[in-house]
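# predicted structure and sequence below. I'll ask about it afterward.
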Amino acid sequence: MNEKTKDMLGLAARLILGGVFIYAGFLKTVAPAEEFAYAIEAYRVVPQGFALLSALTVPWLEIYLGVFLIAGLFGRLSAGLAGALLAGFAGLLLQALLRHLPITSCGCFGASKGNSPGYELFQNLLLLGLAALAFKYGKRISLDALLESHEKHE
């Protein structure tokens, strides 16, 4: 694969992943936090009080990561954190499937979206692949690269 293809692949991965994170975070921030907290509690892995704290913080983390990914700012760190979040989300979905938990809304895109946990797991794994591409190839067409070239010229 040539360098231009890698650059375009990295850019596309950053833009798609960033857009998904902003969209998912936005849907959760405009809904009552209790809805997302309820979805978190359905996984039966965190205490009730921690679910509400997570419901208040995770959407903003998703939005900020999405903005950083699209801009290409802190690119590798942002892609790595997005990948870690997606791996964690996939782990939650997988354990819910293995335990046959009655998950009616995964909470991934707010409480209104009702895809099956299996479909959401598949979607998270695809997004994890995008995070890997963004991590590996997403630097050249980015604010990080622009700032780095500006520093070299000073």
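That came through, no problem.
# so how far is stretch 138-149 from its chain's centroid?
Centroid separation for stretch 138-149 versus its chain: 21 Å, with Cα atoms, centre = their mean, to the nearest Å.
# could you do stretch 46-61 as well?
For stretch 46-61 - counting by Cα atoms, centre = their mean - the centre lies 15 Å from the chain centre.
# same deal with stretch 132-149?
A distance of 18 Å separates the centroid of the chain from that of stretch 132-149, by Cα atoms, centre = their mean.
# as CSV, could you dump the C-alpha coordinates of it?
Only the C-alpha atoms of stretch 132-149 are listed here, as CSV (Å, rounded to 0.1, in the frame of the first residue of the first chain):
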residue,chain,number,x,y,z
ALA,A,132,-6.5,0.8,14.8
LEU,A,133,-6.3,2.4,11.4
ALA,A,134,-6.5,5.9,12.8
PHE,A,135,-3.8,5.1,15.3
LYS,A,136,-1.5,3.6,12.7
TYR,A,137,-2.1,5.9,9.7
GLY,A,138,-4.0,8.9,11.0
LYS,A,139,-1.2,11.4,11.6
ARG,A,140,-0.1,12.8,8.3
ILE,A,141,-3.2,14.8,7.4
SER,A,142,-3.9,16.3,10.9
LEU,A,143,-3.4,19.3,13.2
ASP,A,144,-0.7,17.3,14.8
ALA,A,145,1.3,17.1,11.5
LEU,A,146,0.6,20.8,10.9
LEU,A,147,1.8,21.8,14.3
GLU,A,148,4.9,19.6,14.0
SER,A,149,5.8,21.1,10.6
